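> Turn this into a model:
(2 chains)
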Number of protein chains: 2
Amino acid sequence: MASQQRVTAAVLIIGDEILSGRTQDTNLNAIARYLGTHGVEVAEARVVGDDEDEIVAAVNHLRDRYDYLVTTGGIGPTHDDITADCVAKAFGVALHEHPEIIAMMEARWGYELNAARRRMARVPEGGTLVKNPVQGPPGFQIGNVFVLAGVPSIMRGMLEDVGHRLKGGAVVISRTLRVDGSGEGVIAAPLEGVAKAHPDLSLGSYPFFSNEGYGSNLVVRGRDADEVARALDELETALAGAGVARMERLDIS
Amino acid sequence: MASQQRVTAAVLIIGDEILSGRTQDTNLNAIARYLGTHGVEVAEARVVGDDEDEIVAAVNHLRDRYDYLVTTGGIGPTHDDITADCVAKAFGVALHEHPEIIAMMEARWGYELNAARRRMARVPEGGTLVKNPVQGPPGFQIGNVFVLAGVPSIMRGMLEDVGHRLKGGAVVISRTLRVDGSGEGVIAAPLEGVAKAHPDLSLGSYPFFSNEGYGSNLVVRGRDADEVARALDELETALAGAGVARMERLDIS
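Numbering: from 1, shown residues only, chains lettered A, B, ... in the order given. Sure thing, here's the model as predicted:
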C-alpha cells in the first residue's frame, strides 16, 4: 500500500515575458500534472523576472521550504539568461563548463562554438545533467533543484528525465462530480458538511457558466482512494437532500 | 510628457486547482496586460493554495513590497473561499456584511439569501466595492489591494473598475523584431551589445521552432519611446553585421 506521506514541490517560473503578459505561461500546469502522477504535490509557485537578486532569493527560499524545486526559463545563450548563474550563487558554488555539453555542442556546431553557445554549457559544480530529448543543451539538477528550459515543448521533454529522480509520496486521487442547474449558493452547505467530515481530503467547487446553462464541478482530492470514494457518495446524498437534481460523475480527474 | 517613474504591482493567484494542474491560469496574463496599459508593471506573481496562513503571509509581503497587489480567486460562497477572511486578517480589520451587496443579492435571490450567499457579502472594514459587470457579487479594494474573482470572464469584467483607481507611471513600450533562420547562438552577442548600451531598456530573446523553420523574437521594452526606437535601429545594424539576413519588425508588441 502506498504511503500517505505528503511530498511537496515549488515551481519557479523565470522570465520578464511572463510578467509583462507577452507570454502565457503553461509550464506550471504541465509540471503540476507531471509531478502529481509521481506523488509530488506542487504547494506554491512564483514568477519572477530576469533579476539576479530576485531569482537567488526565490531559489533559496523555495528549495529550503519544499522537498523539490523546479525552475523554468533563463537557460538559453543570451545575456538575460541568468538562471545557471543564480542557482550557482544560491548554492554558493562555482559554475563550470560541463564537458559532456561541450562535446555535444561541438559535435553539432563544430567550429561555431562561440561564447554565447559556451554559455549554455555552464552548470553549477556538483550538478548533474537533465536530458533534453527535443533540441539544444540539457538542463541540470543540483540538490533538490531541477533547472529546466522555458520553451514549453523543450521543458516537457526534460521533465521525462525528472520523474525517476523523485521520491514521491502517495499519489493524490481526484474525482469530479458535475452539478448542472444549481449554483454554489445551494451547493455550499452540503459541500462544507462533507469537507468537515473529511479533514484529510480537499473539496473544492469550480463554477461554470455558459449559454447552455450553469453549474459547478465539485472536486474531491485525497491520498486514500477509499475515503475519496466514500466522500463522493456522501456528497451525492447531501446534495440530493439539498434539492440538487442533476449530478454526474465525470471520468476526468 | 509622461513620467519615467516605475510603478509596480504583484499578482497573487489563490486556489488549489491551479497548483494541482486541474486549471490552467490565465488571469496573470490578463492582469499583466491590463495593468501594463495603465503604466503599472507586474514585478512578481505567486500562486498559493486555499490555506489561510499562506494567503495572509503572501498578502502582507506583497502589498508591502509593491505599489499594488491584485488577488484572484477564493471569493465565492463555498467553505474553501477564504480570501476575504485572509485579507481582513492581513489588514488586522474585521469583516462585515456590506449593505450594498446584501441589497443586490436580496433583489436577485429574495428569500433564498442563505448563509452561503451571505458569505459573499463580506468585505473587510474600510474596503470599497469593485464592480462586477458580469454576474455574482462584486470584488473589493482595501488599501493598495484589489480582490477579484477567480473565474476569468468575471475577473476581466472586474478589472474594468480597477484601472481608474491606479496612479500609473510611464507606460512600458514594447517592440518586436522577428529574426528568421538564425539561432540564439548568433543573436546573443549583438543583442548583448545593444542591451549594455541601454541599461534603462529591457532586451529579451524568445526563440521559436516549427516545421517551417526557426528563429527568435527579439523584444525591446522601455518607457522612453525614442530610446526604444534607437535601440531597435542599433539592433538591426548589429545583427546585420553578425550575418543575420532575415529580420522583420512586427506590429505586435
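> Could you give the separation of the longest helix along chain A from the chain centroid?
For chain A, the helix that runs over the most residues, judged by DSSP state H, is helix A:225-241. For helix A:225-241, the distance from its own C-alpha centre to the chain's C-alpha centre is 28 Å (Cα atoms, centre = their mean, to the nearest Å).
> List the contacts of it.
With contacts defined as Cβ atoms under 8 Å, 6 or more residues apart in numbering or on different chains, helix A:225-241 is touched by A:173-175, A:177, A:179, A:182, A:187, A:190-191, A:193-194, A:197-198, A:200-201, A:203, A:218, A:220-222, A:247, A:249. C-beta here means a position set from N, CA and C on the backbone, and glycine is covered the same way.
> mind running it again at 7 Å?
Counting by Cβ atoms under 7 Å, 6 or more residues apart in numbering or on different chains, the neighbours of helix A:225-241 from elsewhere in the structure are A:173, A:175, A:177, A:179, A:187, A:190-191, A:193-194, A:197-198, A:200-201, A:218, A:220, A:222, A:247.
> tell me the domain ranges of chain A?
Per automatic domain parsing, the domain ranges recorded for chain A read A:8-165, A:173-250.
> Among those domains, single out whichever gets nearest to B:Cys86.
Each of these was scored for nearness to B:Cys86 using Cβ to Cβ, and the closest is domain A:8-165 (15.2 Å).
> now check that closest one, is it near chain B?
Yes - using Cβ under 7 Å from any Cβ of the partner chain, domain A:8-165 comes into contact with chain B via A:16-17, A:19-22, A:24, A:26, A:28-29, A:32-33, A:36, A:42-49, A:76-80, A:114-117, A:135, A:151.
> quick revisit: dump the longest helix of chain A to PDB, restricted to CA.
Extracted C-alpha coordinates of helix A:225-241, given in PDB (Å, rounded to 0.1, in the frame of the first residue of the first chain):
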ATOM      1  CA  ALA A 225      -8.900   6.100  -2.600                       C
ATOM      2  CA  ASP A 226     -11.400   4.500  -0.300                       C
ATOM      3  CA  GLU A 227     -12.000   7.700   1.600                       C
ATOM      4  CA  VAL A 228     -12.300   9.700  -1.700                       C
ATOM      5  CA  ALA A 229     -15.000   7.200  -2.900                       C
ATOM      6  CA  ARG A 230     -16.900   7.400   0.400                       C
ATOM      7  CA  ALA A 231     -16.800  11.200   0.400                       C
ATOM      8  CA  LEU A 232     -18.100  11.300  -3.100                       C
ATOM      9  CA  ASP A 233     -21.100   9.100  -2.100                       C
ATOM     10  CA  GLU A 234     -21.800  11.300   0.900                       C
ATOM     11  CA  LEU A 235     -21.600  14.400  -1.300                       C
ATOM     12  CA  GLU A 236     -24.200  13.000  -3.700                       C
ATOM     13  CA  THR A 237     -26.500  12.100  -0.800                       C
ATOM     14  CA  ALA A 238     -26.100  15.500   0.800                       C
ATOM     15  CA  LEU A 239     -26.600  17.400  -2.400                       C
ATOM     16  CA  ALA A 240     -29.800  15.400  -3.200                       C
ATOM     17  CA  GLY A 241     -31.000  16.300   0.200                       C
END
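> And that helix, what's buried?
A:Val228, A:Arg230, A:Ala231, A:Leu232, A:Glu234, A:Leu235, A:Glu236, A:Ala238, A:Leu239 (16 or more other Cβ atoms under 10 Å in any protein chain shown).
> now swap in stretch A:83-95 and tell me
Here stretch A:83-95 shows A:Thr83, A:Ala84, A:Asp85, A:Cys86, A:Val87, A:Ala88, A:Lys89, A:Ala90, A:Phe91, A:Val93, A:Leu95 as buried, counting by 16+ other Cβ under 10 Å.
> and what of stretch A:109-121?
For stretch A:109-121, the neighbour count (16+ other Cβ under 10 Å) marks A:Ala116, A:Arg117, A:Arg119, A:Met120, A:Ala121 as buried.
> Now for the first one: which residues touch it?
The neighbourhood of A:Ala116, defined by Cβ under 7 Å, 6+ apart, consists of A:Pro77, B:Glu184, B:Gly185, B:Ala188, B:Ala189.
> mind checking how far the residue lying closest to the fourth one once chain neighbours are set aside is from B:Pro190?
Pointing back at B:Ala188 there. If you skip the residues right next to it in sequence, B:Ala188 has A:Ala116 as its closest partner in space, 3.2 Å away by Cβ to Cβ, 6 or more residues apart in numbering or on different chains. According to Cβ to Cβ, to the nearest Å, A:Ala116 and B:Pro190 sit 10 Å apart.
> Then A:Met247?
Summarising the geometry, the distance separating A:Met247 from B:Pro190, computed by Cβ to Cβ, is 61 Å.
> out of the two, which sits in the busier spot?
A side-by-side neighbour count of A:Met247 and B:Pro190, using other Cβ atoms under 10 Å in any protein chain shown, places B:Pro190 first with 22 against 17.
> who touches that one in this structure?
Taking Cβ under 7 Å, 6+ apart as the contact definition, B:Pro190 lies against B:Leu235, B:Ala238, B:Leu239, B:Gly241, B:Ala242.
> Among those, which one sits closest to chain A?
For these, the closest approach to chain A (Cβ to the nearest Cβ) belongs to B:Ala242, at 9.9 Å.
> Touching, the closest one and B:Val186? I think so.
Yes - with contacts defined as Cβ atoms under 7 Å, B:Ala242 counts as touching B:Val186 at a distance of 5.9 Å.
> and A:Ala32, that's in a helix?
Yes - with DSSP: H, G, I helix; E, B strand; the rest coil as the criterion, A:Ala32 is assigned to a helix.
> How about it, nearest residue that isn't a chain neighbour?
Computed as Cβ to Cβ, 6+ apart, the closest residue to A:Ala32 that is not its neighbour in sequence is B:Gly21, at 3.3 Å.
> ok, and what's touching stretch A:17-30?
With Cβ under 7 Å, 6+ apart as the contact definition, stretch A:17-30 has outside contacts at A:11, A:13, A:45, A:47, A:49, A:72, A:152, A:155-156, B:21, B:24, B:26, B:29, B:32-33, B:36, B:42-43, B:45, B:47, B:174, B:204, B:206, B:219, B:221.
> Just the buried ones from those, in ChimeraX syntax?
The buried residues among the contacts of stretch A:17-30 can be selected in ChimeraX (16+ other Cβ under 10 Å) with this line:
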select /A:11,13,45,47,49,72,152,155,156 /B:21,29,32,36,42,43,45,47,174,204,206,219,221
